[in-house]
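Peer 1: let me see the structure of the following:
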Amino acid sequence: SDKELRFAAHKRRFLWWVRHSRTADADLRDAMPEVKADKECVVAAIQRSGRAVAYASDHLKNDTDVLFTAFKNLGVSVGKDMTAKEMWLSYVVDKGYRVF
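Peer 2: Predicted structure coming up:
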């Protein structure tokens, strides 16, 4: 469909841009919702800046591949065998946030 073709073109531009950007987290923050929900786009952004995970869709914020890439990029101790919940807890503990 026309909408799919437009998104494919936008996605190609986003991927090129984010791979050359110094502000990948802001690029994802300002992206259209379809980009924030696209795993390839989100992973490309978090490979440049782990903080970009904050702007991913809710679904991808619970994807263990996405979280592993983001948190490793941020220097958080996570393992491939961890659940999304365990990775988020590791992030919180690693960054010194209080957990009650």
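
Peer 1: quick one: buried residues of the host helix or strand of L5?
Peer 2: Taking DSSP states H and E as the definition, L5 sits inside helix 2-20. Neighbour-count burial for helix 2-20, with 16 or more other Cβ atoms under 10 Å as criterion, is recorded at 7, 10-11, 14-15, 18. The way it works is simple: take the backbone N, C-alpha and C, and place the C-beta from them, glycine included.

Peer 1: widest-spaced pair of the residues you listed?
Peer 2: F7 and V18 (15.5 Å; Cβ to Cβ).

Peer 1: show me the residue at the heart of this structure, geometrically.
Peer 2: What sits nearest the mean C-alpha location of the chain, by Cα atoms, centre = their mean, is V53, with 3.4 Å.

Peer 1: so that residue touches D63, yeah?
Peer 2: No. Counting by Cβ atoms under 8 Å, V53 does not reach D63; the two are 9.7 Å apart.

Peer 1: for the protein, give me the ranges with low pLDDT.
Peer 2: Along the chain, segments meeting pLDDT under 70 span 98-100.

Peer 1: so K61 sits against I46, correct?
Peer 2: No. Checked against Cβ under 8 Å, the pair K61 and I46 is beyond contact range at 10.8 Å.
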